[in-house]
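> fold the following and give me the result.
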Amino acid sequence: MKYLEQLKSPKKKFIKQYVAIHYLDKISELVMNYYGITHDQLKSNSRRMEYVSARRMYFLLSLENTDINLEPLGETMGKNHSTVLSHVRKLRDYLELGYPTEKKDYTILTKRIKEELGL
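Model (predicted):
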């Protein structure tokens with residue numbers, strides 16, 4: 001993305017937003033396919049573990065792989081910024097404590113994102 005540095009600010013901002021939206025779409029698609037859920041289930045307020053795990057993973061991977069902030073990221077799932085922060089902190093805690101399922105899911109999805117998005 002070297003060419004972005006040469007563009008004037010409004011164009012640069014538009015391109016960055018477009019790229020972030022494309023990345024978010026791809027990340028959500030990968031997460032939904034991995035967990036075997038639909039977009040409505042990912043976006044729902046349900047506390048079913050598979051939906052919550054998928055949402056946590058989506059939020060963390062989106063923050064790590066895009067320049068998007070908490071508030072607009074939350075808006076993609078109908079959540080507020082504090083909900084996003086809560087999900088991210090919880091998943092980071094699980095990863096730090098070495099929870100095997102979360103660690104495996106995170107590793108697999110991170111690898112798929114890097115392959116799909118060329119990061």
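
> contact partners of the helix or strand that contains Glu96?
Using DSSP states H and E, Glu96 falls within helix 81-97. By C-beta atoms under 8 Å, 6 or more residues apart in numbering, the surrounding residues in contact with helix 81-97 are 52, 55-57, 59-60, 63, 69-71, 73-74, 102-103, 106. (Glycine included, C-beta is placed from N, CA and C.)

> check contacts around Leu117.
Taking C-beta under 8 Å, 6+ apart, one finds 23, 26, 65 in contact with Leu117.

> pull out the buried members of the residues you listed.
Applying a neighbour-count criterion of 16 or more other C-beta atoms under 10 Å, the buried members of the contacts of Leu117 are 23, 65.

> any chance of the contacts of Leu117 in CSV, with pLDDT too?
Output for these, formatted as CSV (pLDDT from 0 to 100):
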residue, pLDDT
Tyr23, 90
Lys26, 95
Asn65, 92
